[in-house]
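Q: Okay, sequence plus prediction incoming.
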Amino acid sequence: MSGLALQDVTKQFGDFKAVDNVNLSVPHGKFVCLLGPSGCGKTTLLRMIAGLEEPTEGAIVLDDEDITPVPTHKRNLGMVFQSLALFPHLSVGDNISYALRIRGASREEQKRRAEELLKLVHLPGFADRPVAKLSGGQRQRVAIARALALSPKLFLLDEPMSALDAKLRESMQVELRQLQQRLGITTFVVTHDQREAMTMADLVVVMGEGRIRQAASPIEIYRKPADAFVADFIGSTNLLDISADSSGCSSVLGQVIPDLALPAGTAKASISIRPEDVHLGKPGPDAIPGTVTFVRDLGGTIETFVEAGGTTIIAVATPRERVDVAPGDPVGITLPPEACVVVKA
Amino acid sequence: MRREAPKSIADYTPLFFPGLMLVVFFVVPFSTMIAVSFFKRDPAAFYTPDFVFENYARFLSTFFGGVLGFSLGLAVLVAVCCVAIAFPFTYLLTRSPRAVQTIWLVCLLSVLSLSEVIIGFAWSTLFSRTAGITNLFVWLGLMQEPIALLPGFGAVLTGMVYQALPYTILVLYPALVRLDPTLLEAARTLGASPIRAFFNVVTPALRNTIVATLIMVFVFALGSYLLPQILGRPQHWTLSVLITDQAIYQSNTPFAAAMAVFLVLISLGLVGLTLLIGRREAAA
């Protein structure tokens, strides 16, 4: 297969399994986000792809060639580090053409390529500036340009946006995605920001405790989370217990949800329902009774916190669908069955 | 960080204490030495206040010039050897686990507790024919019969490098600990082998630290006067040995003072030159 394949990759640090038996195959040209909380093994996995860590077990295969034993400097990849790791003693241009200098490219070629890459990242004419004189966003772009100098097969980024402020981060995400699509380069980004992953990725790989919890397109991850961990990590969600009686009728908080069946043989599970799918209305026989505890009006969206059967359910509505309620009001909650996803608890 | 320039005398008070210390422990003794260097030697009574240049004139001979050249050369060589050994060593040390680092640093600090005399006699035993390391080589079959490795230039150099090495490592350690390890990794992802990355990235990033360390070890080695005597032949004696000899055994304090002043001026000149070259290179 053309692309990158991880086969049973495991990394053990002492007794701790940082990465636990990861299998993944990514065709060329895809943008992959490795997403997860800190300590989930996503950075270790990226470093193994880069060759900066050696897998304890398993193989990393690029275009049908096992590159596990190939040292980093022979892997033909570009990497952007969290600290960016720009060389402080070199100018912007020399930073970018470092890889070409290593390959023994002529001075003119180095200059030409550096200028070309600076144009690509919207910093034309910056070649002679010292790195120390750049702003955060500019340093980011220089790091990206440097990593792309040799037109690598793999483009790896380890939390590249973490040093930027929120606004700049959002625009850089869009820019990085557009750049990746223009170059068609296979890209892996490590992030703990689900918005970042949703913005950029073709494929989101959610990791937890060293294992892949789910690998799918962003919208599938959001709409059909594989388990409670994924549902909880991606966006905000309501996780509710669901139980089935002997006739196979499923109910949540005492209310029967039609057309929702538990997997055969299970009597208890959870459902995940996104706050925007929760409908609030007048209390009635077909609704779960609850009491409003807090309303947060953010202008663009209104979040209503409802206490029902001992748990708090969050409902999000746009101003147009808003239900006028105040804390203390009784409400009826309906959960549309098509929006409920049964997940392993 | 910007600060306002001090305006009143009261703003200068924090400088008073360091200024006093500098005057008491540097300006006064050094001025005394400069003054003495122009005094006239009195074989019967130490020296008499005067203003003569004969101490300096005597110094400007091929013999003392040769000793000065040898001293400076030896100090430079010790500095270069120390940094060449200590830099990669300290780099690897900072990349090893915490516990290993602690053990090494404790060992290095314990070497500092040894006086120059002990280091000198320890090495003179190790380099001797009867009880030295060559006996070990004979036992291992590497040599035919034990030989004496001292007195000699190699022995002097070894002893002085051994003495200065812990200081070198301790000076390099903080800078290397603070060095971002991803710099090296970044170079590797860009196609540089680990060794090449080390010389391309780590060394230039720490250029100022390396120059400062070289100067420190150079000055440190310049003052060494016991090891050359214990481990070397008279031709390996440094200017510091001659200064000691003149001041203590020949009771010619004015001449010793003149040599000391000259040595300080030459060292200051060399240090200044190094910094100047460094600055010009940084600007280029």
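A: Happy to help now that I have it.
Q: Report pLDDT for residue 228.
A: With no chain named, the answer covers chain A. Reading off the confidence values, A:A228 has pLDDT 86.
Q: Wait, chain B was what I had in mind.
A: Here, the pLDDT recorded for B:P228 equals 88.
Q: what distance separates the helix or strand containing it from the centre of its chain?
A: Secondary-structure assignment from DSSP states H and E places B:P228 in helix B:226-231. Relative to its chain's centre, helix B:226-231 lies at 15 Å (Cα atoms, centre = their mean, to the nearest Å).
Q: tell me which residues of that helix are tucked away?
A: Neighbour-count burial for helix B:226-231, counted by 16 or more other Cβ atoms under 10 Å in any protein chain shown, picks out B:226-231. C-beta coordinates here come from the backbone N, C-alpha and C atoms, glycine included.
Q: correct me, but B:Q144 touches B:T134?
A: No. Here B:Q144 lies out of contact with B:T134, judged by Cβ atoms under 8 Å, at a distance of 10.0 Å.
Q: and A:S243, helix, strand or coil?
A: strand (DSSP: H, G, I helix; E, B strand; the rest coil).
Q: Now for it, how many residues are close by?
A: 15 (other Cβ atoms under 10 Å in any protein chain shown).
Q: right, and it touches A:S250 too?
A: Yes. Between A:S243 and A:S250 there is a contact at 7.2 Å, judged by Cβ under 8 Å.
Q: separation between the residue nearest to A:M200 when sequence neighbours are not counted and chain B?
A: Leaving aside its sequence neighbours, A:M200 sits nearest to A:R177 (Cβ to Cβ, 6 or more residues apart in numbering or on different chains; 4.4 Å). For A:R177, the distance to chain B equals 22 Å [Cβ to the nearest Cβ, to the nearest Å].
Q: Return the closest of the buried residues of helix B:226-231 with respect to chain A.
A: Of all the buried residues of helix B:226-231, B:L227 has the smallest distance to chain A: 36.4 Å, by Cβ to the nearest Cβ.
Q: Counting neighbours, which bits of the helix or strand B:I34 falls within end up buried?
A: Per DSSP H and E, B:I34 falls inside helix B:28-37. By 16+ other Cβ under 10 Å, the buried positions in helix B:28-37 come out as B:33, B:36-37.
Q: And stretch B:186-206, by the same measure?
A: B:186-192, B:197-198, B:200-202, B:205-206.
Q: What about chain A: which of those touch it?
A: Applying Cβ under 8 Å from any Cβ of the partner chain, the subset of the buried residues of stretch B:186-206 adjacent to chain A comprises B:186-192, B:197, B:200-201, B:205.
Q: Strands of the stretch 201-345 of chain A, start to end?
A: Taking DSSP state E, counting those that start in this stretch, the strands of the stretch 201-345 of chain A run over residues A:203-208, A:211-216, A:238-244, A:250-252, A:255-256, A:268-273, A:279-281, A:288-297, A:302-308, A:311-317, A:330-334, A:341-343.
Q: just so I know, which of those strands lies nearest chain B?
A: When the strands of the stretch 201-345 of chain A are compared by Cβ to the nearest Cβ, strand A:203-208 sits nearest chain B, at 20.9 Å.
Q: which strands and helices sit next to that closest one?
A: In this structure, strand A:203-208 makes packing contacts with strand A:31-35, strand A:211-216, helix A:218-223, helix A:228-233, judged by 3 or more Cβ pairs under 8 Å, 6 or more residues apart in numbering or on different chains; DSSP states H and E.
Q: which bits of the stretch 151-284 of chain B sit near chain A?
A: B:180, B:182-183, B:185-194, B:196-197, B:200-201, B:204-205, B:207.
Q: if you set the cut-off to 7 Å instead, what comes out?
A: B:180, B:182-183, B:185-186, B:188-193, B:201, B:204-205 (Cβ under 7 Å from any Cβ of the partner chain).
Q: Just these: which are in strands?
A: Assignment to strands by DSSP state E places none of those there.
Q: how close does the residue nearest to A:M200 get to A:L117?
A: With distances taken as Cβ to Cβ, to the nearest Å, A:R177 is found 18 Å from A:L117.
Q: Looking at the two, which one has more neighbours?
A: A:L117 (23 against 18).
Q: That one and chain B: what is the separation?
A: Counting by Cβ to the nearest Cβ, the gap from A:L117 to chain B is 13 Å.
Q: thought that residue was touching A:A145?
A: Yes. Judged on Cβ atoms under 7 Å, A:L117 makes contact with A:A145 at a distance of 4.0 Å.
Q: Give me the common contacts of those two.
A: A:I96 (Cβ atoms under 7 Å, 6 or more residues apart in numbering or on different chains).
Q: and B:V52, that's in a helix?
A: No. Counting by three-state DSSP, B:V52 is located in no helix; its state is coil.
Q: Give me the distance between it and chain A.
A: Relative to chain A, B:V52 is positioned 51 Å away (Cβ to the nearest Cβ).
Q: Spatially, what comes nearest to that residue if we skip its sequence neighbours?
A: Using Cβ to Cβ, 6+ apart, the closest residue to B:V52 is B:K40 (5.3 Å).
Q: outside of the helix or strand B:V111 falls within, which residues touch it?
A: Following DSSP H and E, one finds B:V111 within helix B:98-112. The contact list for helix B:98-112, computed with Cβ under 7 Å, 6+ apart, reads B:93, B:166, B:169-170.
Q: Which of those residues fall within helices?
A: With helices defined by DSSP state H, the entries of those inside them are B:93, B:166, B:169-170.
Q: For whatever residue of the stretch 101-250 of chain A ends up closest to chain B, give its distance to B:I118.
A: Nearest to chain B in the stretch 101-250 of chain A, going by Cβ to the nearest Cβ, is A:I102, at a distance of 4.6 Å. To B:I118, A:I102 is 48 Å away according to Cβ to Cβ.
Q: Just give me the neighbour total for the residue lying closest to B:D50 once chain neighbours are set aside.
A: For B:D50, the nearest residue in space outside its immediate sequence neighbours is B:K40; the separation is 3.9 Å by Cβ to Cβ, 6+ apart. Number of residues near B:K40 (other Cβ under 10 Å) recorded here: 13.
Q: Likewise for the one 4 residues further on?
A: Other residues within reach of B:A44 by the criterion other Cβ under 10 Å amount to 7.
Q: so it sits in a strand?
A: No. B:A44: not assigned to a strand; according to three-state DSSP it is coil.
Q: Contacts only, for B:V161.
A: By Cβ under 7 Å, 6+ apart, the residues touching B:V161 are B:78, B:81-82.
Q: Taking the chain centroid, which residue in chain A is the extreme one?
A: In chain A, the greatest distance from the average C-alpha position (Cα atoms, centre = their mean) is reached by A:P285, at 40.5 Å.
Q: What pLDDT does the model give that residue?
A: Here, the pLDDT recorded for A:P285 equals 81.
Q: Against chain B, how distant is it?
A: Look at A:P285 and chain B: by Cβ to the nearest Cβ, they are 62 Å apart.
Q: got the phi/psi numbers for that residue?
A: phi -70, psi -20 (degrees, to the nearest 10).
Q: where exactly do the strands run in chain B?
A: In chain B, the segments counted as strands under DSSP E are B:40-41, B:47-48.
Q: ok, and for stretch B:268-284, which residues are buried?
A: For stretch B:268-284, burial by neighbour count (16+ other Cβ under 10 Å) applies to B:270-271, B:278.
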